[in-house]
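Novice: 3D model of this:
(one chain, ligands or ions: 2)
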Amino acid sequence: MVTVQEAEAIIRAQTRDFGIEELPFEQALRRVLAEDLKTDRDLPPFNRVAMDGIAVKYEAIAQGTQRFKIVGTQAAGGAPLEVQQLQDCIEIMTGAALPPSVDTVIRYEDLEIQNGIATVLTENVHAGQNLHRQGQDKKQGEVVVAAAQVVTPAVVSMAAAVGETQLRVKKLPKVVVISTGDELVDVEQTPLPYQIRRSNSYMVKAALQQFQIKADMLHLPDDIAATREELRQCLQQYEVVILSGGISAGKFDFVPQVLEELVVQKRFHKVQQKPGKPFWFGTYGQQTVVFALPGNPVSTFLCLHRYCLPWLHASLGLPEKPKLFASLAQDISFKPQLCYFVQVQLHFNEQGQLLATPFEGNGSGDFANLIEADAFLELPPEQSEYNKGEVYRVWPMKSLL
Ligand SMILES: Nc1nc2c(c(=O)[nH]1)N[C@H]1C(S)=C(S)[C@@H](COP(=O)(O)OP(=O)(O)OC[C@H]3O[C@@H](n4cnc5c(N)ncnc54)[C@H](O)[C@@H]3O)O[C@H]1N2
Ligand code: MOO
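Specialist: Residues are numbered from 1 along each chain as shown. Ligands and ions are numbered 1, 2, ... in the order given. From the prediction side, this is the model:
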C-alpha cells in the first residue's frame, strides 16, 4: 500500500504528451492552447473614440471656447475627417478612429446641439478625455494569450481580434471508460430488484467532457475470459483506460489479475486513504495509462478528482493549479490509519477565510451526498483527531463562487 503522496508522485511521473493539432478557432473552446497568440497590430489599433459626442482641439477649450461649429459626422468605421479651424468640431461615434487634427472628445450628455452648433455645458473638460489610446493595451507583436492555458470565450475573442483563425492546441488522448459488474444495467433498462443502473461511467465521461474529451464507454460482465479479451483490445486502442469496480477482494474482482496477465505494469495497488483504498494504477508500454478505480461511487469520484484529472491536466501541459486550503469549521475524529478525504461544504466567512464543514454522508456508497458536498478535505493519516480551526488541503468538486 502506498501513501497518498506516493500515489500522486507515481502518477505524476507517468505524465504523457499527446502532441499538437491545429483547429479552427471556433472549435477550440476548452482545449489547451499550444502556442502564444501575438497581436498583428497595436491594441487598440488607432486612437479609439470611447464616447459618442464631438471631437475638438483641446487648445480651443483652453482658450475658453464653448461653442463649436459642426463640420462633419464620423461614424465608427469611417475614414478620419479633417478639422481645420480651432472653433470647428466633428460629431464622432464610439469606436471611430480619432482624426489627428483633434485630440479631445466631449460626450453628448455634456452638450446642447442646435442649428449645427454644439455648445459645451460643462466646465469639466480634460485634454485627451474619452479616448482609448492606440497601443494602450498591447503593442504590435506582443503576446496577448500565452500558451498552456485553456481556451475560454475571452481567448476566442482575442484570437478573432488578432486574426488567428487556426489555433494550435494540445491533442486529446483516446480514452475508454469501463464499468464492471453483473449488478449493473444500462440507464435505459429497468433494473431488477437486485440490480442498479450504471452511473460511475457516466460521471467519469462527464468529467472528461470538461476537457472536450469524448470518451468511449464499455461494460464488462463478471466473466474473466470476456474481461481479458475486451481489456486486451482496449490496451491496443486507447491511451487512457479508466475502469471502475472489480479491483478489491471479491470473487469476481478480476481486473488487477487480468491487467497483470496482459502485461500492464502495476505501479501500485491500494492507497492509504478512505475512500478509494483499493485504487490500482499501471502502465502498458509507453502508450497506455490504466486507472482502475474502486467501484463505490464516492471512491470513483474522489480518485478521479484527486488523481486522474490532475494527471490529465499535467499531460495536457497545463501548469499545476495553486493548492487550496480550508479551515475546519468543527472538530472531527477518524481513527483508521488512513488519509481521510472527508466530504465538506465550503463557505467564506466575513474575514475572507474558507471554512469547511464536514458533510459526511453514509460512506463511499452514498453518492447522493456528493450532490450537496462541495469538496473533499484531505485529513492526514498521522492524526485521528482533527480540530476546529486547523487548516487542511481542500479539493473542490464545484466552482468556489
Ligand atoms: N473483503 C474486502 N471487501 C472490500 C474491500 C476490502 O478491502 N476487502 N474494500 C472495500 C472498498 S474500500 C471498496 S471501495 C470496494 C471496492 O470494490 P471494487 O472496486 O471491487 O468495486 P465493486 O465491488 O465492483 O463495486 C463496489 C460497489 O460499487 C458499485 N459500483 C460499481 N461500479 C459501479 C458503476 N459503474 N456505477 C454505479 N455503481 C457501481 C457496485 O455495485 C458495488 O456496490 O470494495 C469493498 N469491499
Ligand atoms: O475505499 Mo472504499 O472506497 O472506502 O469504499
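
Novice: Report pLDDT for residue 217.
Specialist: For residue 217, the pLDDT comes out at 97.

Novice: Show me how the protein divides into domains.
Specialist: Using automatic domain parsing, the domain parsing of the chain gives 4-18+172-315, 20-43+136-170, 48-132, 324-396.

Novice: Quick one: end-to-end distance for the shortest one.
Specialist: Think domain 20-43+136-170. Domain 20-43+136-170 stretches 4 Å from its first residue to its last (Cα to Cα, to the nearest Å).

Novice: Next: the longest one.
Specialist: One end of domain 4-18+172-315 to the other measures 20 Å (Cα to Cα).

Novice: Which residues of the stretch 301-401 of the chain lie near ligand 2?
Specialist: residue 364 (Cβ under 6 Å from any ligand atom). (Glycine included, C-beta is placed from N, CA and C.)

Novice: for residue 301, phi and psi?
Specialist: Listed backbone geometry of residue 301 is phi -60, psi -50, with angles given as degrees, to the nearest 10.

Novice: if I pick the residue of the stretch 301-401 of the chain found nearest ligand 2, what's in contact with it?
Specialist: Closest to ligand 2 within the stretch 301-401 of the chain is residue 364: 3.1 Å, counting by Cβ to the nearest ligand atom. Applying Cβ atoms under 8 Å, 6 or more residues apart in numbering, we find residue 364 in contact with 274, 275, 276, 294, 296, 297, 298, 299.

Novice: One more: residue 259?
Specialist: 231, 266, 280, 282, 290, 292 are the contacts of residue 259 under Cβ under 8 Å, 6+ apart.

Novice: wouldn't the first one be in contact with residue 260 here?
Specialist: No - taking contacts as Cβ atoms under 8 Å, residue 231 lies outside contact range of residue 260: 10.9 Å.

Novice: Those two - which one has more neighbours?
Specialist: Comparing residue 231 with residue 260 by other Cβ atoms under 10 Å, the one with more neighbours is residue 231, at 25 against 14.

Novice: What segments of the stretch 1-150 of the chain are strands?
Specialist: Per DSSP state E, counting those that start in this stretch, the stretch 1-150 of the chain carries strands over the ranges 20-24, 37-38, 48-49, 53-56, 67-74, 88-92, 104-107, 111-114, 117-120, 131-132, 143-145.

Novice: is any part of the longest strand along the chain close to ligand 1?
Specialist: Longest strand of the chain, by residue count under DSSP state E: strand 339-348. No - on the criterion Cβ under 6 Å from any ligand atom, strand 339-348 is out of touch with ligand 1, staying 12.1 Å away.

Novice: what's the distance between the spatially most central residue of the chain and ligand 1?
Specialist: Centroid-nearest residue in the chain: residue 150, 6.3 Å away (criterion: Cα atoms, centre = their mean). Using Cβ to the nearest ligand atom, to the nearest Å, one gets 28 Å for the distance from residue 150 to ligand 1.

Novice: Please apply the same query to residue 327.
Specialist: Distance, residue 327 to ligand 1, by Cβ to the nearest ligand atom: 28 Å.

Novice: so that residue is in which element?
Specialist: Taking DSSP states H and E as the definition, residue 327 sits inside strand 325-328.

Novice: Show the subsequent helix or strand relative to that strand.
Specialist: strand 332-333.

Novice: pLDDT wise, what is the residue lying farthest from the centre of the chain at?
Specialist: Taking Cα atoms, centre = their mean, the residue of the chain most remote from its mean C-alpha position is residue 115, at 55.8 Å. pLDDT for residue 115: 97.

Novice: How about residue 249?
Specialist: Note for residue 249: predicted pLDDT of 81.

Novice: who are the neighbours in contact with it?
Specialist: Neighbour list for residue 249: empty [criterion: Cβ under 8 Å, 6+ apart].

Novice: Let the chain start at 50 from now.
Specialist: New numbering, starting at 50: the last item is residue 298.

Novice: circling back to that earlier point, packing partners for the following helix or strand past the longest strand of the chain?
Specialist: Next helix or strand after strand 388-397 toward the C-terminus (DSSP H and E): strand 403-407. Packing partners of strand 403-407 (3 or more Cβ pairs under 8 Å, 6 or more residues apart in numbering; DSSP states H and E): strand 374-377, strand 388-397, strand 424-428, strand 440-445.

Novice: run the last query once more with 10 Å
Specialist: Packing partners of strand 403-407 (3 or more Cβ pairs under 10 Å, 6 or more residues apart in numbering; DSSP states H and E): strand 374-377, strand 381-382, strand 388-397, strand 424-428, strand 440-445.
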